[in-house]
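Asks: sequence plus the predicted model coming up.
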Amino acid sequence: GTERALVVVDMPFGSYEESPEIAFRNACRVIKETGCTAVKLEGGTRIADTIHYLSERGIPVMSHIGLTPQNVQVMGGFKAQGREESEWAAIEADARAVSEAGAFAVVVEGVAEPLAARITRQIEIPTIGIGASAECDGQILVLEDMLGLSPRPPKFVREFATLGAQIAGAAEAYARAVRERSFPAVEHTYGMKKAK
């Protein structure tokens, strides 16, 4: 669906954690079946060997550190990361590990602004922030959040439209028109052809 944009597919949970070899097989399949340019893996130091294995074999990898949605159950929920300096060393180690392993960029999600700025200065690959401040090299915003379709968007979301309310209003108006039998009206129906 695109001619110029970089398309990155988020590898599903369980498709890359078992071994680099299985991750390679699954990444190849994703690229072949979707036509994407690259794959994204969540994790830092724990998946650095897999990133290295994939990138050495021609699979472009974007990494994802900080708040990793596929691991929220282990993390205790959707919580911002690095809000205490005692957490910084592990997140910085993750950033360095994925950069050194061959990732071409790293998503930094839900990380305190000072830490996001520090990581951006420390590593050579671009940082793409999602809830990690304007200090990152680029930004991600989930389309549904941006358009106002999410019922409870995260704190870092800015709604650039309120389509959720408009869609709900349209659905209510449609249902009311059907119940009142004002839709479909004459102008929305087909009449009989005139005899020749």
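Replies: Right, received. Where do you want to start? These figures come from a predicted structure and were not determined experimentally.

Asks: quick one: distance of the lengthiest helix in the chain to the chain centre.
Replies: Counting residues, the longest helix found in the chain (DSSP state H) is helix 163-180. Remark: helix 163-180 is offset 30 Å from the chain centroid, using C-alpha atoms, centre = their mean, to the nearest Å.

Asks: right, and the helix or strand after the worst-scoring helix or strand of the chain on mean pLDDT?
Replies: Every helix and strand of the chain was ranked by mean pLDDT, DSSP states H and E. The lowest is helix 72-75, at a mean of 78. Note on helix 72-75: by DSSP states H and E, the next helix or strand toward the C-terminus is helix 88-101.

Asks: other SSEs contacting that next one?
Replies: Packing partners of helix 88-101 (3 or more C-beta pairs under 8 Å, 6 or more residues apart in numbering; DSSP states H and E): helix 48-56, strand 61-66, strand 105-109, helix 113-122. C-betas here are computed from N, CA, C, even on glycine.

Asks: in it, what counts as buried?
Replies: Across helix 88-101, burial judged by 16 or more other C-beta atoms under 10 Å covers 88, 91, 92, 94, 95, 96, 97, 98, 99, 101.

Asks: find the residue at the geometric middle of this protein.
Replies: By C-alpha atoms, centre = their mean, the mean C-alpha position of the chain lies nearest to residue 142, the distance being 6.3 Å.

Asks: OK, contacts around that one?
Replies: Contacts for residue 142 (C-beta atoms under 8 Å, 6 or more residues apart in numbering) come out as 130, 150, 157.
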